[in-house]
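Enquirer: Mind looking at a prediction? Sequence and model below.
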Amino acid sequence: RYPTFENQLNMFKRLFNKKFDWQKVKASGEAFPKPKISVVSTTLENGTVATAWINVGYRNYPYKEFCQTLGILNVDFEDMGGLDYSEIQTYLDTELNKACVSHLISRIPTETGIEMLFYFENQDIIQNKLEELYKSDDLLFDFGCRLKTDSEWETIDNMMKNY
């Protein structure tokens, strides 16, 4: 006697719809996939050719449900305080990960500076951390940030498909 289609479907769901223990995932270091950077040449609206990158190691990231807050951080050229892209990126990535799990997904040049896309574990905690950094007397550069919920990581879905 063969299982019904419905029974087969339920077995499939039980096998592949694992529930993750996020605390164990974080403790094991598996919250961050192995980086796989794709470098892309792009032409800005003003005709300038620029280089962007995206970490396609996140293409099939299994823990999206735990990091649903998208952060779009912008730094204008005039506000960089003499720092280069890499120094700003490293600083923000390090500081934001002190607050909660923070995934730096891409760095994209704009006509006026750079834009970095992050996904965060906790919107309230990261909002507080961003405010703390922004108000710091030691702030080396000025930045802007928009936070929004993006539970399916739709904002970067096309980037991940194309690279």
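Expert: Sure, I can see it.
Enquirer: so Ser41 bridges to which residues?
Expert: Thr51 (DSSP bridges).
Enquirer: Return the distance of the helix or strand hosting Ala27 from the chain's centre.
Expert: Per DSSP states H and E: Ala27 is located in helix 22-28. Chain-centre distance of helix 22-28: 18 Å, with CA atoms, centre = their mean, to the nearest Å.
Enquirer: Excluding its own residues, what touches it? List them.
Expert: Outside helix 22-28, the residues within contact range by CB atoms under 8 Å, 6 or more residues apart in numbering are 31, 63, 66, 101. Heads up, the C-betas are built off the backbone N, CA and C, glycines and all.
Enquirer: neighbours of the second one, just the number please.
Expert: Look at Tyr63: counted by other CB atoms under 10 Å, it has 19 neighbours.
Enquirer: Give me the most central residue, the chain.
Expert: Residue closest to the average C-alpha location in the chain (CA atoms, centre = their mean): Phe118, at 2.8 Å.
Enquirer: After whichever strand or helix holds that one, which helix or strand is next? Please name it.
Expert: Assigned by DSSP H and E, Phe118 falls within strand 113-120. Counting by DSSP H and E, the next helix or strand C-terminal to strand 113-120 is helix 123-135.
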